[in-house]
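[1] My questions concern the predicted model and sequence given below.
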Number of protein chains: 2
Amino acid sequence: MAAKDTPLFPRVALLGIGLIGSSLSHAMRRHGLAGEIAIQTRRSETLEKARELNLGDHYTSDPAAAVEDADLVIFCVPVGANKAVAELVGPALKPGATVTDVGSCKRVVINDIGPFLPDGVHLVPAHPVAGTEYSGPESGFAELFEGRWAILTPEPDTDADAIEKVAEFWRRVGSDVEIMDADHHDQVLAITSHLPHLIAYTIVDTATELGGDLQKEVIKFSASGFRDFTRIAASDPVMWRDVFLNNREAVLDILGRFTEDLTALRRAIRRGDGDMLHDTFARTRDVRRGVIDAKQA
Amino acid sequence: MAAKDTPLFPRVALLGIGLIGSSLSHAMRRHGLAGEIAIQTRRSETLEKARELNLGDHYTSDPAAAVEDADLVIFCVPVGANKAVAELVGPALKPGATVTDVGSCKRVVINDIGPFLPDGVHLVPAHPVAGTEYSGPESGFAELFEGRWAILTPEPDTDADAIEKVAEFWRRVGSDVEIMDADHHDQVLAITSHLPHLIAYTIVDTATELGGDLQKEVIKFSASGFRDFTRIAASDPVMWRDVFLNNREAVLDILGRFTEDLTALRRAIRRGDGDMLHDTFARTRDVRRGVIDAKQA
């Protein structure tokens, strides 16, 4: 068999099979990245659904059984569940195996998973900056990672070959790979992702509290701006609860700055300070230009 | 000539020729709604641009000259400019003419334009809930209003025929017409449009204040949520300054509620109250379902 047909990892274990785990299964199959795929999830209905969708070669509710003999273990559970799962799988990991994950906060992953890994097992945390507002194994699709960022946050002493192999894995599913420090990742994502989600959840919740008729009209005329927020605010509640609990400091810091800025605009509205409003609104246009230039629009 | 070929209005005057005015010109031409179109704008470069784009049949920088003999006069200037323009055109309006506008706040339009209209001229304020992040006459296109709402907010004593004709005008450019009280409009739009824009401007401005390297990374990883806000925050600064200055009470009211709700979530994050976060995030999913069911997604 030609080298190019050899899978990148003979055996991959997916711990958790929601939107991301399922999409990884589809993508690994399409690109021939795994010799075989073991799928583990706690709830029997979800495991059954994964089996119906033919997402793997082995199915189990036992994390330790799933990682046995696995060359790559991918944690795809909500960030808050990593620690308990790591404790279960640690002793069952194959020497030389690589462990990665897909969580939106990275320092906590190192803190929660790292201590349970035996010597010789490599931890290369990863964050695919990709997702949809849908959840569950039936929502996954192979193209989810194409053209999106995969951010790796290994510690400085991590095995270089393990890092390169995980980077290659993400490149093969179509992502652009970036390597950065875990704390820096958490700070950047607090701004680009966590704060926007918190704001979207809040504004939709504010509208939800309005009386019945008014709420109906808000939905009816949602295309005027509100609609975009409802899409973001439909993301998985468990995943996002865990994000905010596990990137607390960075989120509270940027939220503090946001609140200050909002208070200043509110004051300008109350005082009728049109110049201040205009200057702010003109400034933010340039950021959009940057987003377009960076081909992220 | 068959009745169906008779234009709805023999002569239409567009006061202001930005994104909306230009799109109205394209749409009127496509659907044969105007016998002739007079275009007025203050700045000579913009007037020249409109002429290059062949948006009208007559061009002038004088509002009074533009409305002479016009059957329909459409104010397409920023809301804050209505009053000064109304004062100029009032004495030149043809008896029996209909005046409408395209502003995002409606009570202020009635207050600012109404007093300058002679008896027998009908005011039917309108708000096409449509737009893009682009501005200027070159950004207009005929399809902008298709499938979007046009909200009319006439006072109770307004001539029924004038209302019906303006409604027909919007239906012919492809919009769904809704008639509501001006104050109610301002309350609903404060929630669905004005607050979302204010929040988006704020969050993008907060990111703008960050140091150079961090700002570059925020743009690089903007697809994780931030991107959607930059699009909204690239809207026309003059238009939005005027919206906030002219719908102040409704905006401050909903902003107060939003701030309370955000403070509650911030407290939950600080205290590590996962149940409160989860409950909020689960609740907002249902609103998205409503948006999808209302075919506004």
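    Arrived safely. Numbers count the residues shown, from 1 in each chain, chains lettered A, B, ... in the order given.

[2] Spatially, what comes nearest to A:Ala92 if we skip its sequence neighbours?
    A:Ala64 (4.0 Å; CB to CB, 6 or more residues apart in numbering or on different chains). (Each C-beta comes from the backbone N, C-alpha and C, glycine too.)

[3] So what's the residue count around A:Leu88?
    Applying other CB atoms under 10 Å in any protein chain shown, we find 17 residues neighbouring A:Leu88.

[4] Which of the three states applies to it?
    The three-state label given to A:Leu88 by DSSP: H, G, I helix; E, B strand; the rest coil is helix.

[5] Where do the helices of chain A begin and end?
    Assigned by DSSP state H, chain A shows helices spanning A:19-31, A:44-52, A:63-67, A:82-89, A:107-113, A:160-172, A:182-189, A:195-208, A:212-220, A:226-232, A:237-246, A:248-271, A:274-293.

[6] Pipe the ones you listed into CSV and attach distance to B:Ala38 and mean pLDDT per row.
    Putting these into CSV (distance: least, CB to CB, whole Å; pLDDT from 0 to 100) gives the following:
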stretch, distance to B:Ala38, mean pLDDT
helix A:19-31, 55, 97
helix A:44-52, 63, 97
helix A:63-67, 73, 98
helix A:82-89, 67, 98
helix A:107-113, 63, 97
helix A:160-172, 59, 98
helix A:182-189, 52, 95
helix A:195-208, 41, 92
helix A:212-220, 35, 85
helix A:226-232, 35, 87
helix A:237-246, 53, 94
helix A:248-271, 35, 96
helix A:274-293, 29, 88
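
[7] would TSV of those helices with distance to B:Thr192 be doable?
    Converted to TSV, the helices of chain A look like this (distance: least, CB to CB, whole Å):
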stretch	distance to B:Thr192
helix A:19-31	28
helix A:44-52	36
helix A:63-67	45
helix A:82-89	38
helix A:107-113	36
helix A:160-172	39
helix A:182-189	28
helix A:195-208	8
helix A:212-220	5
helix A:226-232	4
helix A:237-246	23
helix A:248-271	18
helix A:274-293	19
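
[8] before we move on, back to that, chain B versus the residue nearest to A:Ala92, what's the distance?
    26 Å (CB to the nearest CB, to the nearest Å).

[9] what residues are up against A:Ser22?
    Residues near A:Ser22 by CB atoms under 8 Å, 6 or more residues apart in numbering or on different chains: A:Ala50, A:Leu53, A:Leu55, A:Gly136, A:Pro137, A:Glu138, A:Ser139, A:Gly140.

[10] at 6 Å what do you get?
    A:Leu55, A:Pro137, A:Gly140 (CB atoms under 6 Å, 6 or more residues apart in numbering or on different chains).

[11] next one: A:Thr230
    By CB under 6 Å, 6+ apart, the residues touching A:Thr230 are A:Val204, B:Val287, B:Arg288, B:Val291.

[12] Setting the sequence-adjacent residues aside, check what's closest to it.
    B:Arg288 (4.5 Å).

[13] What is the burial count for that neighbour?
    22.

[14] Show me what from the stretch 101-250 of chain A comes close to chain B.
    A:129, A:188, A:191-193, A:196-197, A:199, A:201-202, A:204-208, A:217-230, A:233-234, A:237, A:240-241, A:244-245, A:248 (CB under 6 Å from any CB of the partner chain).

[15] Buried ones among the residues you listed?
    A:129, A:188, A:191-193, A:196-197, A:199, A:201-202, A:204-208, A:217-230, A:233-234, A:237, A:240-241, A:244-245, A:248 (16 or more other CB atoms under 10 Å in any protein chain shown).

[16] returning to that earlier point: pretty sure the residue nearest to A:Thr230 contacts A:Ser235?
    No: in this structure B:Arg288 lies outside contact range of A:Ser235 using CB atoms under 6 Å: 9.5 Å.

[17] quick revisit: distance to A:Pro154 added to the contacts of A:Thr230, as CSV?
    Shown next, in CSV, are the contacts of A:Thr230 (distance: CB to CB, whole Å):
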residue, distance to A:Pro154
A:Val204, 36
B:Val287, 39
B:Arg288, 36
B:Val291, 40
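
[18] and which of those residues is nearest A:Pro7?
    B:Arg288 (38.4 Å; CB to CB).

[19] Need the pLDDT of A:Ser222.
    Per-residue confidence (pLDDT) for A:Ser222: 87.

[20] no wait, A:Met1
    For A:Met1, the pLDDT comes out at 42.

[21] Which residue, other than its chain neighbours, is closest to the residue in the stretch 1-150 of chain A that chain B sits nearest to?
    In the stretch 1-150 of chain A, the residue that lies nearest chain B is A:Val129 (4.8 Å; CB to the nearest CB). Closest residue to A:Val129 apart from its sequence neighbours, by CB to CB, 6+ apart: A:Trp149 at 4.3 Å.

[22] what bridges to the one you found?
    Taking DSSP bridges, one finds A:Asp176 as the beta-bridge partners of A:Trp149.

[23] isn't it right up against A:Gly174?
    No: at 11.0 Å, A:Trp149 does not count as touching A:Gly174 under the criterion of CB under 6 Å.

[24] so where's the stretch 1-150 of chain A uncertain?
    The model of the stretch 1-150 of chain A has pLDDT under 70 over residues A:1-5.

[25] Check the gap between A:Gly32 and A:Ile20 for me.
    Relative to A:Ile20, A:Gly32 is positioned 20 Å away (CB to CB, to the nearest Å).

[26] So for those two, which residue has more residues nearby?
    Each of A:Gly32 and A:Ile20 has its neighbours counted (other CB under 10 Å); A:Ile20 has more, 25 against 13.

[27] OK, contacts around that one?
    A:Cys76, A:Val102.

[28] How about A:Gly272?
    B:Leu245.

[29] Please report how far it lies from B:Asn247.
    Distance of A:Gly272 to B:Asn247, given as CB to CB: 12 Å.

[30] Same question for A:Ile74.
    Applying CB to CB to A:Ile74 and B:Asn247 gives a distance of 49 Å.

[31] Check A:Ile269 too.
    Separation of A:Ile269 from B:Asn247 (CB to CB) stands at 9 Å.

[32] can you check A:Leu195 too?
    26 Å.

[33] Distance of A:Met100 relative to A:Asn82?
    Residue A:100: Thr, not Met. For A:Thr100, the distance to A:Asn82 equals 12 Å [CB to CB].

[34] Now do the contacts for A:Asn67.
    Quick fix: residue A:67 reads Val, not Asn. A:Ala13, A:Val73, A:Val89, A:Ala92, A:Leu93.
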